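Q: Got a predicted structure plus its sequence, pasted below:
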Amino acid sequence: MTPKIENLKDVREKLLGYSRETAARLSRIAVERLASIEERGEAPTVFEADALSRIYGIDADLLADEPIQLAPGDGVVTLASRNELRGLDDVTRVRVVAAANAARDLASLRKLEGLEDHRARFRKEAPGLDASKTAPPFRQGAKCAADLRRKLKLRDAPISSLRDFVAERFPSIAVLYAELGGAGPAGLTFLDPLRGPTVVLNLEGKNKNPCVRRFSLAHELCHLLLDWNRLETVASISGYLNESRLAVEQRANAFAVRLICPESVIKRLIAKDAHLSKPKTVQTLASYGLPYAALRLYLRNEGGVKLSEDSSSAPTALGTEARWVAAEEPTGIEGFPLADVKPERRTEVARAAARLYSIGRIRRDQFADALGATPAADLESVLDFFALNLPAEDLSMTVA
C-alpha cells in the first residue's frame, strides 16, 4: 500500500526510502540545503527540482506542489510499494528509478513520433492466455507457456534468440538494458499510464551470461502477458531463478523455462535416455539454450532427474558458446559513440530521439536531454551510429 505523501521529505523517506545523505549526493544538492528544503519549507530552484525529479522518478512539476499529488498508476509509485524495492541498497534503487525514467521518456518520444499508443498496440499483439487461478503458480506458468507456443505455432522447436523473438512477435515491447549491479535484480517490467510495455534487463551479475539473460527476458515477458489485466499497473522487480514464495515469480519462472524448452521435449528425452547422458540427448538439450541452474530445477521437478551442482559436465548450453553470445547480444550497447550515455538510454531511447532530431521534431538540447548528455557532446555521432541524416538547418530549432 502506498503511504500518504505530503511533501518532498515524504517522497524521499516514505516512498523511496533514501537517506538524506544519499539523496543529496545523487542530486548534487548540499545536505544542508536539502534539509532546508525539507524541514523549513524553502522552495527548490528549477535546477534542484529537476535533480530531485531524476532520482525520485517523479515529474518536477508534481514535486513543486504541496501536498504532492502523485500521478495515478505511475509505475515508480507502484514499485515503491513492493518489498523488493525496499530490499535494494540506495545506489541500486536509484538505478532502478533511472531505468523507469528511461522507459517513461521513451513513451513520450514515441508519442512525439506519432506512433500508436504502445499499450493499445500490445493489447492487439498479446494472445489471450488463460492462467487458471485454482492451479498452483508453477502449473499456471507451464500451461500458459504451452498455450503461447501453440498459438504462435512454435511447436517444439528451439527459439534461436529470445531477443529477436520478442522484437518480432511483440514489437510494442521495448527491451532496455541497465547496469543494476552484480547483486541487483535480473530484470524490471513496466506497463503503466506513463510507460508502454517495457522490459529492462540487468547487464551485470548473472545476466552477463547470455543464456541467463535469455531466461530473464522470458521471465519478464510472462509478467507482461499474465500480470497485466488492462487496468492495473505492472511494475515488477525480478530476482534470479530461485524458490521464491511469491506466486507471480514462481509462475514467471515456470513460464520462462517451458517457453524456452517445452515439457514435451524433456519428457521425450527422459523416456529415451533416463540419465540424459547420450551425445544426441546432450546436443538436443544444448540447442534450447537453458541456463544450467534452470535446467537442474526443471529436470528435478518434471522427471526426478538430479544433476550435479557442478556445471562442468552440464548436458546443456552454459551460455559461453559463441552462438548464444551472438543470439542474445544487447544490440546497440557496445560501440555506442558517447561513452557517458547510460545503457538504458543507448538503445530504444537514443534511436527514437535521434529519429526525431533528424527530422527536426525536437531541438538539439532536447536530443541531448533524452540521452542524458550535455548539448556540448558530439550528438551528431549518434545520428551516424543509427545511419540518420542531420536535420535541415531551418528545422533544427523547431519546438516539439
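A: Cool, the structure landed.

Q: Give the burial count for the nearest residue to Gly205 once chain neighbours are set aside, as a bare number.
A: Using C-beta to C-beta, 6 or more residues apart in numbering and skipping residues adjacent in sequence, the residue nearest Gly205 is Gly182, 4.5 Å away. Quick note: C-beta positions are derived from backbone N, CA and C, even for glycine. By the criterion of other C-beta atoms under 10 Å, Gly182 has 12 neighbours.

Q: pull the helix or strand with minimum mean pLDDT from this structure.
A: The helix or strand of the chain with the poorest confidence is helix 83-86; it has a mean of 78 (mean pLDDT, DSSP states H and E).

Q: In it, which residues are buried?
A: Glu84, Leu85 (16 or more other C-beta atoms under 10 Å).

Q: tell me what it is packed against?
A: Contacts defined by 3 or more C-beta pairs under 8 Å, 6 or more residues apart in numbering; DSSP states H and E place helix 83-86 against strand 234-238.

Q: about what we covered before: isn't the residue nearest to Gly205 right up against Leu203?
A: No. Gly182 is beyond contact range of Leu203, at 10.3 Å (criterion: C-beta atoms under 8 Å).

Q: for the longest helix along the chain, which positions count as buried?
A: The longest helix of the chain (DSSP state H) is helix 90-112. Across helix 90-112, burial judged by 16+ other C-beta under 10 Å covers 90, 92-107, 109-110.

Q: so where's the stretch 1-150 of the chain uncertain?
A: 1-3 (pLDDT under 70).

Q: residue boundaries of the helices in it?
A: 8-10, 20-27, 31-39, 46-56, 60-63, 75-80, 83-86, 90-112, 118-125, 137-151 (DSSP state H, counting those that start in this stretch).

Q: Could you say which one of those helices comes nearest to Ala157?
A: Evaluated with C-beta to C-beta, those place helix 137-151 nearest to Ala157, the distance being 8.9 Å.

Q: what angle separates the longest helix of the chain from helix 118-125?
A: 80 degrees (axes from the mean of the first three to the mean of the last three C-alpha atoms, to 10 degrees).

Q: Okay, angle between helix 90-112 and strand 234-238 too, please.
A: Using the same axes, to 10 degrees: helix 90-112 against strand 234-238 is 140 degrees.

Q: How far does helix 90-112 sit from its chain's centre?
A: 10 Å (C-alpha atoms, centre = their mean, to the nearest Å).

Q: which secondary structure elements does it contact?
A: Looks like helix 90-112 contacts helix 20-27, helix 46-56, helix 75-80, strand 174-178, strand 187-192, strand 195-202, helix 348-358 (3+ C-beta pairs under 8 Å, 6+ apart).

Q: tell me the angle of that helix relative to strand 174-178?
A: Using the same axes, to 10 degrees: helix 90-112 against strand 174-178 is 150 degrees.

Q: Please, where are all the helices along the stretch 201-350 of the chain?
A: Going by DSSP H, counting those that start in this stretch, the stretch 201-350 of the chain shows helices at 210-227, 247-260, 263-272, 279-286, 292-303, 322-327, 348-358.
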